[in-house]
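Peer 1: fold the stuff below for me.
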Amino acid sequence: MLFEFNFLGGVNGRRYMSNAISAHLVKELRQKTGAGIMECKKALEASGGSIEEAEKWLRQQGMAKARKKSERQTPEGVIASYIHAGDKIGVLVEVNCETDFVARTPAFKEFVKEIAIQIAAANPKFISKNDVPKAILDSEKNKIISTLKLENDENLDRIVQEKLEKFFIDNCLLEQPFVKDPSITINDLLCQRIAQIGENIVIRRFVRFQVGEELEELS
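Peer 2: Now for the predicted structure:
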C-alpha cells in the first residue's frame, strides 16, 4: 500500500519531491508517536519522508493543539497508583481530563501509567517550573553563584540561567526527558496525548514514597 503525492514540504525552506510514502513508514511513525494514520501521513509528507523530522512536525502540531485546549476545564480524570519492582517505591498521581468517557479510555489510562512510572524512576519534586517556590529558587541561585564565585562576571546571568535549567530538568516533571524515550520531554508527551485524545489533559498532583527515604522540610 502506497500513499501517492507529488510535492512534499521540506525542512528549513527546502522542498522535496517523491512518488510515495509507504505504509511501512506510516506504521513506524504511528508506533513511535501514537498519532493517527492521516496525521502520520501528513507529517511524513511535510518532512520529506524523514521519520525524525516527521516526529518534530507532530510534536509542533501537538503543542499547538495543546495550547488551544489549555483553557478548557478538566473536571474528570483518574487517580492511579504504581508500585515499582521490589516494592520499595510507590507513586500516587492524579491526572485530569474533560470527560469521564475519555478518563475510561485505554489511551488515557496508559498515559497516566506512563506518568506514574516516570515519577517513580526520575523522582521529580514539582510538576512545572511555575510550581517551584520562590524561596527554593532563590536558594538555588545563591548556591550557584557562590559555587561559581563570578559575581562581577558579565556572563554570570547566562551561566546561572543555564544551571537553573539543569535544576528544572532534574526536579520538574514536565521538563524531564521521558524515561521510555529520552528524545522527548514529559511536556512533549503530554502535548502528543492531548492531540491524540482530543481533550485537554492536566497532571494535577502526585506523591512519591520510597522506603527508608529521609523526610526533608522545605522552607
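Peer 1: now the helices for the protein?
Peer 2: Secondary structure of the chain (DSSP state H): helices at 23-33, 37-46, 51-69, 100-103, 106-122, 134-148, 156-171, 186-197.
Peer 1: tell me which of those lies nearest to Glu76.
Peer 2: With C-beta to C-beta as the measure, helix 100-103 is the member of those nearest Glu76 (4.8 Å). Where you see a C-beta, it was placed from the backbone N, CA and C, and this is true even at glycine.
Peer 1: just the helices of the chain: most buried one?
Peer 2: When those are scored by mean count of other C-beta atoms under 10 Å, the highest mean neighbour count falls to helix 186-197 (a mean of 22).
Peer 1: what angle separates it from helix 106-122?
Peer 2: On the basis of axes from the mean of the first three to the mean of the last three C-alpha atoms, to 10 degrees, helix 186-197 is oriented at 170 degrees to helix 106-122.
Peer 1: mind listing residues that contact helix 186-197?
Peer 2: Defining contact as C-beta atoms under 8 Å, 6 or more residues apart in numbering, one finds that helix 186-197 is touched by 33-36, 39, 58-59, 61-63, 65-66, 69, 97, 102, 105, 107-108, 111, 114-115, 118, 173-178, 181, 184, 200-201, 203.
Peer 1: where are the low-confidence patches of the chain?
Peer 2: Scanning the chain with the threshold set as pLDDT under 70 gives 1-20, 62-70, 149-154, 215-219.
Peer 1: if we go to 80?
Peer 2: For the chain, residues meeting the criterion pLDDT under 80 lie at 1-20, 31-36, 39, 56-71, 148-156, 214-219.
Peer 1: disregarding flanking residues, what is the spatial nearest neighbour of Gln61?
Peer 2: Distances taken as C-beta to C-beta, 6 or more residues apart in numbering put Ala195 closest to Gln61, at 6.4 Å, once the chain neighbours are dropped.
Peer 1: what of Glu55?
Peer 2: Counting by C-beta to C-beta, 6+ apart, the residue nearest Glu55 is Thr33, at 6.2 Å.
Peer 1: please apply the same query to Ala54.
Peer 2: Using C-beta to C-beta, 6+ apart and skipping residues adjacent in sequence, the residue nearest Ala54 is Ala43, 3.9 Å away.
Peer 1: and the one you found, how close does it get to Asp138?
Peer 2: 42 Å (C-beta to C-beta, to the nearest Å).
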